[in-house]
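Asks: Sharing a model that was predicted from the sequence below.
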Amino acid sequence: MSDDLQALEQWASALLSRLAAPERRKIMLDVARDLRRSQQARISAQQNPDGSKYTARKTRKGKNLRGKAGRVKRAAMFAKLRTARYMTVEATADCLALGFAGRVARIARVHQLGELAPVAPGGPNAQYPARRLLGFTDADRELIRDRLLHHLRNGAEK
């Protein structure tokens, strides 16, 4: 997988080196936004980059849920984390970055790597399963290639 990514990087860098810095930055920003949309859709579908489903949440043990009025909410994980407010993009003429901003970056890291972390502030630690929030799929690689070709083709027509 990393060989494919390196090959894509070499191919793209050869094409992008012919463009001026402002044009490269514009292309990088467009690609970064498209990648963010792709990552948001994948996280919304609760899938790892390899297509497997996220490991389900554990049920709460020892909690008296009968006393709770109403229903127990079981919504999809990472609803706020996948918003543009927290999933940020940065682009320069030389690179682009897609990541998480602020305090939620720690939460994203714990889930991305499957680390040991407290369940609640001051609470017990739990081993979280790895849920890959960010990662490249084959469709993402094609998206990058297509977007670059689109920009280069439209730039040549001008």
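Replies: All right, it came through fine. Residues are numbered from 1 along each chain as shown.
Asks: Every contact and neighbour count from this point should use C-alpha atoms.
Replies: OK.
Asks: Residue 38 versus the most centrally placed residue in the chain, what's the distance?
Replies: By C-alpha atoms, centre = their mean, the chain has its centre lying nearest to residue 134, at 3.3 Å. Going from residue 134 to residue 38 by C-alpha to C-alpha, to the nearest Å gives 10 Å.
Asks: repeat for residue 103
Replies: 23 Å.
Asks: So which of these two has more stuff around it?
Replies: residue 38 (18 against 9; other C-alpha atoms under 10 Å).
Asks: Spit out the contact partners of residue 26.
Replies: By C-alpha atoms under 8 Å, 6 or more residues apart in numbering, the contact list for residue 26 reads residue 93.
Asks: now do residue 134
Replies: By C-alpha under 8 Å, 6+ apart, the neighbours of residue 134 are 39, 49, 99, 112.
Asks: Am I right that it sits in a strand?
Replies: No. Counting by DSSP: H, G, I helix; E, B strand; the rest coil, residue 134 is not part of a strand but coil.
Asks: Give me the distance between it and residue 32.
Replies: From residue 134 across to residue 32, the span is 13 Å (C-alpha to C-alpha).
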